[in-house]
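Participant: When you get a sec, could you give me coordinates for this:
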Amino acid sequence: MATGASSAELAVILIDARKGVLTQTRRHSFIVSLLGIRHVILAVNKMDLVDWDSGTFEAISGAYREFAHDLDIHDVTCIPVSALTGDNVFDASPNMPWYQGPTLLDVLETVDVSTDVAERAFRMPVQWVNRPNLDFRGFSGTIASGTVRPGDRIMACPSERTSTISRIVTLDGDLDVAIAGQSITLVLDDEIDVSRGDILADAEQAPDSTDQFAGHLIWMHDEPFAARAPVSHEDRHQDDDGSDHRSAP
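Facilitator: Presented below is the predicted three-dimensional model:
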């Protein structure tokens with residue numbers, strides 16, 4: 001769940017109409033919120049098993065919206081569906097005339113998940129140093145934010161060395177401009193030391209460097225996480241080289 005949600009802009013939360021909002025529903029929604037997803041479709045499924053009852057749908061929708069509001073998720077579209085019969089999945093359901101909203105497919109095809117990420121400062125983590133021969137050296141990755149063009153000044157972080165982009169290379173040929181979300185290879189005018197894991201950034205709007213940060217941890221174990229908790233013997237294992245490692249539950 002966390003892995004898939006990390007690159008998504010919208011989440012479909014599925015609820016069994018017979019059971020309502022469960023702990024698993026709350027857990028999945030919390031992960032969605034934690035990873036910054038702000039568009040949610042609440043699909044209340046198996047409406048055929050509750051006799052297409054509008055009251056059941058409204059009660060579940062209300063409870064979920066209240067919970068989602070506390071997670072700062074405000075764009076919630078609630079849809080009563082029956083996956084078994086296809087009601088409100090592709091076409092409007094004749095069994096639920098009291099529901100006049102969009103179908104699941106309608107929302108997926110029309111929801112606006114655009115962001116201002118292309119307007120932010122240029123950032124591209126280097127995923128691969130592309131050097132197929134002695135005459136070519138490029139830095140491949142997916143643009144995380146911003147826009148880049150040949151001639152732009154960039155800075156390699158954390159070394160803070162600067163250079164100028166000479167080419168934007170793709171499988172389909174060179175580009176005059178590339179924006180956030182595109183996977184590209186950048187060729188620089190001069191050879192500076194850049195490694196996998198470095199960040200290429202706008203030289204005029206370089207990112208800050210720090211040795212301290214705050215973060216969120218998704219803890220999947222049933223037992224609460226305890227900082228600096230002792231590690232049991234079963235949680236230890238040794239690699240082939242004899243080095244000792246500790247495994248989290």
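Participant: Report how many residues lie close to the residue nearest to residue 63 when sequence neighbours are not counted.
Facilitator: The shortest distance from residue 63 to any non-neighbouring residue, by CB to CB, 6 or more residues apart in numbering, is to residue 21 (5.1 Å). Just so you know, the C-beta spots here come from the backbone N, C-alpha and C atoms, and that holds for glycine as well. With neighbours defined by other CB atoms under 10 Å, the count for residue 21 comes to 20.
Participant: ok, now how distant is residue 21 from residue 144?
Facilitator: 34 Å (CB to CB, to the nearest Å).
Participant: helices or strands up against the longest strand along the chain?
Facilitator: In the chain, assigned by DSSP state E, the strand with the most residues is strand 161-169. Judged by 3 or more CB pairs under 8 Å, 6 or more residues apart in numbering; DSSP states H and E, strand 161-169 is in contact with strand 153-157, strand 183-188.
Participant: what does the last one contact?
Facilitator: Contacts of strand 183-188 from elsewhere in the structure, counted by CB atoms under 8 Å, 6 or more residues apart in numbering, are 124, 130, 136-143, 148, 154, 163-170, 175, 178, 194, 200.
Participant: go with 10 Å
Facilitator: 124, 126-130, 136-143, 148, 150, 152, 154, 156, 161-171, 174-175, 178, 194, 200 (CB atoms under 10 Å, 6 or more residues apart in numbering).
Participant: Pull out the buried residues from the residues you listed.
Facilitator: Those of the contacts of strand 183-188 that meet the buried threshold are 124, 126, 130, 138-141, 143, 148, 150, 152, 154, 156, 161, 163, 165, 168-169, 175, 178, 194, 200, by 16 or more other CB atoms under 10 Å.
Participant: Can you give me the domain boundaries for the protein?
Facilitator: 2-110, 118-205 (automatic domain parsing).
Participant: Surely residue 127 and residue 138 touch.
Facilitator: No. Judged on CB atoms under 10 Å, residue 127 makes no contact with residue 138 at a distance of 11.5 Å.
Participant: What separation do you get for residue 98 and residue 42?
Facilitator: 17 Å.
Participant: More neighbours: those two, which one.
Facilitator: The neighbour count for residue 98 versus residue 42, taken as other CB under 10 Å, is higher for residue 42 (23 against 13).
Participant: Could you name the helices and strands sitting against the strand or helix carrying that one?
Facilitator: Assigned by DSSP states H and E, residue 42 belongs to strand 39-45. The contact analysis (3 or more CB pairs under 10 Å, 6 or more residues apart in numbering; DSSP states H and E) places strand 39-45 against strand 10-16, helix 23-34, helix 54-70, strand 75-80, helix 104-110.
Participant: Which helix or strand in the protein has the lowest average pLDDT?
Facilitator: The helix or strand of the chain with the poorest confidence is strand 244-246; it has a mean of 45 (mean pLDDT, DSSP states H and E).
Participant: Now do the longest strand of the chain against strand 183-188, angle only.
Facilitator: Taking axes from the mean of the first three to the mean of the last three CA atoms, to 10 degrees, one finds strand 161-169 and strand 183-188 inclined to each other by 130 degrees.
Participant: For whichever helix or strand comes after strand 161-169, what is the distance to the chain centroid?
Facilitator: Later in the chain than strand 161-169, the nearest helix or strand by DSSP H and E is strand 178-179. The chain centre lies 19 Å from the centre of strand 178-179; the measure is CA atoms, centre = their mean, to the nearest Å.
Participant: is it true that residue 37 touches residue 73?
Facilitator: Yes. Using CB under 10 Å, residue 37 is in contact with residue 73, at 7.8 Å.
Participant: what do these two both touch?
Facilitator: Joint contacts of residue 37 and residue 73 (CB under 10 Å, 6+ apart) are 11, 29.
Participant: Which one of the helices and strands packed on strand 39-45 has the poorest average confidence?
Facilitator: Set side by side, those give their lowest mean pLDDT on helix 23-34, at a mean of 91.
Participant: Please verify my assumption that residue 48 contacts residue 84.
Facilitator: Yes. If you go by CB under 10 Å, residue 48 and residue 84 touch, sitting 6.3 Å apart.
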